[in-house]
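Any chance you can model this:
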Amino acid sequence: MLMKRILLVLTLGAILTCPSFAQAQAPTNAPPSGPPPGAHYGMNFLTDAEKQELHKAHDAAVVADPSLATEEKSLWDQMKAAHESGGAPSADLQSQMHAFREKMDAAMIAADANVAPIIAKIKAHRGSHGGPGGPPPPPSGN
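Down below sits the predicted model:
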């Protein structure tokens, strides 16, 4: 009888530790982890080399002005909170994010002028997809 209990306990222990028998986690309504929308999403129109150059310029800009990193984190945290609450970011927060993006773009260009055409490409892409920062609309013909 004792041998059967030991065998049963060992068998159950082996089954419970096997990943194929483990219970899957219950789905949640929480958004996926990672950066908020817009952080690195939608950049697949850039080449890997352009992304790498942009990343280096971003790092150099933050080293040159550490307050940029603090402001960036604060704004991303606010954006993330807005998205997690199920609502859209306020117009004020969107305006702050746009102003910060312009400031970061200028700092990145100051750190590495070679990123200017990449940033122009991003702004043109944002504008063509309804985001801020694109070219102005064509004048209306009166």
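
Determine the longest helix present in this structure.
helix 91-111 (DSSP state H).

Remind me what that one packs against, helices and strands.
Applying 3 or more Cβ pairs under 8 Å, 6 or more residues apart in numbering; DSSP states H and E, we find helix 91-111 packed against helix 48-64, helix 67-84, helix 116-128. The way it works is simple: take the backbone N, C-alpha and C, and place the C-beta from them, glycine included.

quick one, which of the ones you listed is nearest to Gln94?
Distance to Gln94, taken as Cβ to Cβ, is lowest for helix 67-84 among these, at 8.7 Å.

Would you mind extracting the C-alpha trace of the closest one into CSV?
The C-alpha coordinates for helix 67-84 follow below in CSV (Å, rounded to 0.1, in the frame of the first residue of the first chain):
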residue,chain,number,x,y,z
SER,A,67,16.6,65.2,-19.5
LEU,A,68,15.3,63.9,-22.8
ALA,A,69,15.3,60.4,-21.4
THR,A,70,13.4,61.5,-18.4
GLU,A,71,10.8,63.4,-20.4
GLU,A,72,10.5,60.5,-22.9
LYS,A,73,9.9,58.0,-20.2
SER,A,74,7.3,60.2,-18.5
LEU,A,75,5.4,60.7,-21.8
TRP,A,76,5.5,57.0,-22.7
ASP,A,77,4.3,56.1,-19.2
GLN,A,78,1.4,58.5,-19.6
MET,A,79,0.6,57.2,-23.1
LYS,A,80,0.7,53.6,-21.8
ALA,A,81,-1.6,54.5,-18.9
ALA,A,82,-4.1,56.1,-21.3
HIS,A,83,-4.1,53.0,-23.5
GLU,A,84,-4.4,50.6,-20.6
